[in-house]
Structures are given as structure tokens and as C-alpha cells.
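J.: sequence first, predicted model second:
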Amino acid sequence: MHNVEIRQSRPDDLASIEKLYPAAFPEEDLLPLVRQLLAEEPGILSLVAEAGDAMAGHILFTLCAITGSDARAALLAPLGVAPELQRKGIGSALIREGLSRLERDGVTHVYVLGDPAYYGRSGFRTETGVAPPYPLPEEHRDAWQSLGLGSAPPPVHGKLQLPDVWMQPALWGP
Ligand SMILES: CC(C)(COP(=O)(O)OP(=O)(O)OC[C@H]1O[C@@H](n2cnc3c(N)ncnc32)[C@H](O)[C@@H]1OP(=O)(O)O)[C@@H](O)C(=O)NCCC(=O)NCCS
């Protein structure tokens, strides 16, 4: 992965981000979600990967809470890499940089709903103590994953509490 810079997104990245998602997710329209999340600042962490002048990838984390716990948590989603630049380590680098910034900010628990074969590479493991906002079908239980940041964060139990933009059952389906 050469000449890829990861930095916090800026308002003038929106046009490139709006091109990236339909290319990375041709069968899903994530743009309404992404636009709403970008408006949630400062409750989000939004990073872009730039390869030269091109937008190579984007990742979003939403800061959130867990019922019955004072743990500081974040949800990773979505993550997209330009099709022609996939499998070059850009997605992993965006995850790594995001986790490092969240840890610096005192976040101790990060959650993701996604392919365990991919997120497992970054250290995520199936989560059973904290439930997603909507129940998942049994066959997708292993897609709900978490990662602890910092030195041995204590296990937590409860339900993830997210801003309204995330409270749409369709976002949590298979
Ligand atoms: C999934 C995605 C973000 C990965 O980003 P990336 O920059 O291509 O990934 P990396 O280069 O960091 O890692 C690539 C490795 O992950 C694996 N990988 C990539 N996508 C995968 C997937 N959907 N499931 C399982 N493994 C996957 C590859 O096998 C690859 O390993 P290899 O090259 O040794 O075979 C990117 O491919 C993408 O945007 N895909 C379309 C959108 C999408 O599905 N995003 C959802 C993530 S839940």
C-alpha cells in the first residue's frame, strides 16, 4: 500500500464519498445513512484514505453507549474501499487508524456487524454480552462482533444505544 494517506474527512470530501459508496456497494444504497451520519458530528469519527488525488476508502465510527454501563463505545460502519483498490490493505489500515484514534479518545469497546472472516483479521470476535439494537437471526449471530481497546477493558453486558439515524431495522438485517 504505497502513497495512501489516512485523515479525518472534511466537508469538501462529500462528493468523492458519494461516488465511492455506490461503486463499493453496487447492490445497497448506503448514501442516505452516510450523509445523515456525517451530519452527526461530533458524535462520529469519519476517516478517508486518499491515494494520490483519488478517494480510495472511507470508514465511519459512531460513538454510542451501552445500557447499564458507563463504558465508552463505538460502532464501526460503514467501511468501503474503491473496487480497483481493494485487497491492498486500505480497509485494514482505515480500521487500524480508527481504532487507534478511538483508543486515544478513551473509547474501550468497538462493535461491528459484518463478515467475521474479514473483521476477525483486525481482532474482532463474536460478541454475546452486548446486544445490537435489533435482534439478529440465529444464523447471523456470529456477524455481531466486538473488540476491546486499551489494557483489558472489563466485559460489559447490555444493549447498544445509538443515535436515531441507526434505529432502522433494515440496517440490521442480513
Ligand atoms: C470489505 C472491504 C472494505 C475490504 O477492504 P480492502 O481494502 O479490500 O481489504 P484489505 O486489503 O484490508 O484486506 C483484504 C483481505 O481481506 C479479505 N477480504 C476482503 N473482503 C472480504 C470479505 N467481504 N469477506 C472476507 N474477507 C474479505 C481478502 O481475502 C483479503 O485478503 P487476501 O488479499 O489475503 O486474500 C472492501 O473490499 C470493500 O469495500 N468491499 C465492498 C464493500 C463491503 O463489502 N464492505 C463491507 C464490509 S462489512
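T.: Received it, and whenever you're ready, just let me know what you need.

J.: going forward, measure contacts and count neighbours with C-alpha atoms only.
T.: Will do.

J.: residue contacts, His157?
T.: Shown in contact with His157 (Cα atoms under 8 Å, 6 or more residues apart in numbering): Ile66, Thr67, Gly68, Ser69, Gly129, Val130, Ala131.

J.: in TSV, list these along with pLDDT.
T.: Shown next, in TSV, are the contacts of His157 (pLDDT from 0 to 100):
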residue	pLDDT
Ile66	97
Thr67	96
Gly68	93
Ser69	94
Gly129	95
Val130	97
Ala131	97
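
J.: narrow these to those in strands?
T.: Among the contacts of His157, the ones falling in strands (DSSP state E) are Ile66, Val130, Ala131.

J.: and stretch 43-60, C-alpha only, in PDB?
T.: Coordinates of each C-alpha in stretch 43-60 appear next as PDB, following Å, rounded to 0.1, in the frame of the first residue of the first chain:
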ATOM      1  CA  GLY A  43     -20.600  12.000  17.600                       C
ATOM      2  CA  ILE A  44     -18.800  10.300  14.700                       C
ATOM      3  CA  LEU A  45     -15.300   9.600  13.600                       C
ATOM      4  CA  SER A  46     -15.000   9.800   9.800                       C
ATOM      5  CA  LEU A  47     -11.800   8.900   8.100                       C
ATOM      6  CA  VAL A  48     -10.900   8.800   4.400                       C
ATOM      7  CA  ALA A  49      -8.000   7.100   2.600                       C
ATOM      8  CA  GLU A  50      -6.500   9.100  -0.200                       C
ATOM      9  CA  ALA A  51      -4.300   7.500  -2.900                       C
ATOM     10  CA  GLY A  52      -2.900  10.500  -4.800                       C
ATOM     11  CA  ASP A  53      -5.800  12.600  -5.700                       C
ATOM     12  CA  ALA A  54      -8.300   9.700  -5.600                       C
ATOM     13  CA  MET A  55     -10.600   8.800  -2.700                       C
ATOM     14  CA  ALA A  56      -9.500   5.200  -2.000                       C
ATOM     15  CA  GLY A  57     -11.700   4.400   1.000                       C
ATOM     16  CA  HIS A  58     -13.900   5.700   3.800                       C
ATOM     17  CA  ILE A  59     -14.800   4.500   7.300                       C
ATOM     18  CA  LEU A  60     -17.200   5.700   9.900                       C
END
